[in-house]
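>>> Coordinates for the following, if possible.
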Amino acid sequence: MSLDGVIWSAGDVNQYLGVPLIAAGNIPLLMDRETLNGQHHISINLKPELSTLFQSPDWPILFWNLIEYRKTFMPGPSAFNVSLGTTVLVSFDTGVEQLTLKAPDGQSSGVTMNAETISFQPHMPGLYELTDNDESIYKFAVNPISRSESDLSGAQSGRWGRWQHAELFWWEYRPIEWFLLLIALGLLTAHRFVTAAQQRGGG
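As a prediction, the model looks like this:
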């Protein structure tokens, strides 16, 4: 999110509303306060009448980023389908200390919690499974897509080669559905005449 050219006017904060996520100097603009039961309250310090933030494309982007920020606190993997070489972050509720990670080749390894989260980089594509005392908790897939192979930033556009005898190719590749339709109509007409002749002969 870029706030270039955006006016974000804020007032004085006289009470604690949480940890500043965005600040302008010593004035908090966006704050996050965590309650005793683990809930998070997001507060925005904004004067709409003196601001242009809600009139800019950054306004919906701000809420999208807040949603993505809150998703990091939800239990589970950061994504259930990741690319090979990407770091996987898994968050858990309290009470989980030691987990087992089963790789696609059947190998298992212990994973230690760090502040209710674990992170690791998968070494092979396939289906991974996190278990706690042989009880499956989460499954996620790793695909072999390579970021370097999918990078098209260095690609260029252009025209290579040229069409020779374009009219010849056009005639060779013209559609023939109309010709097949004429054949079908001819066969139906012939069948009609044969049937009518048989009916007259039988009568």
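>>> Can I get stretch 3-17 as CSV, trimmed to CA atoms?
What follows is stretch 3-17, C-alpha atoms only, in CSV (Å, rounded to 0.1, in the frame of the first residue of the first chain):
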residue,chain,number,x,y,z
LEU,A,3,0.1,6.6,0.6
ASP,A,4,1.7,8.9,-1.9
GLY,A,5,-0.5,12.0,-2.3
VAL,A,6,-3.0,10.9,0.3
ILE,A,7,-4.0,13.2,3.2
TRP,A,8,-4.5,11.3,6.4
SER,A,9,-5.5,13.8,9.1
ALA,A,10,-5.7,12.5,12.7
GLY,A,11,-6.6,13.8,16.1
ASP,A,12,-4.9,13.5,19.4
VAL,A,13,-5.1,10.2,21.2
ASN,A,14,-5.7,10.7,24.9
GLN,A,15,-6.1,7.1,25.9
TYR,A,16,-4.3,3.8,25.1
LEU,A,17,-5.9,2.2,22.1
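>>> buried stuff in it?
For stretch 3-17, the neighbour count (16 or more other Cβ atoms under 10 Å) marks 6, 8, 10, 13, 17 as buried. For every residue, glycine as well, the C-beta is placed using N, CA and C.
>>> Kindly present these as TSV, with separate columns for pLDDT and secondary structure.
Below are the buried residues of stretch 3-17 laid out as TSV (pLDDT from 0 to 100; DSSP: H, G, I helix; E, B strand; the rest coil):
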residue	pLDDT	secondary structure
6	83	coil
8	87	coil
10	88	coil
13	78	coil
17	80	coil
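>>> Quick check: closest non-adjacent residue to residue 74.
Of all residues not flanking residue 74 in the chain, residue 91 sits nearest, at 6.6 Å (Cβ to Cβ, 6 or more residues apart in numbering).
>>> bridging residues for that neighbour?
Assessed by DSSP bridges, residue 91 has beta-bridge partners residue 76, residue 117.
>>> how far away is it from residue 123?
Going from residue 91 to residue 123 by Cβ to Cβ, to the nearest Å gives 22 Å.
>>> now swap in residue 9 and tell me
50 Å.
>>> what do you get for residue 12?
In terms of Cβ to Cβ, residue 12 sits 52 Å off from residue 123.
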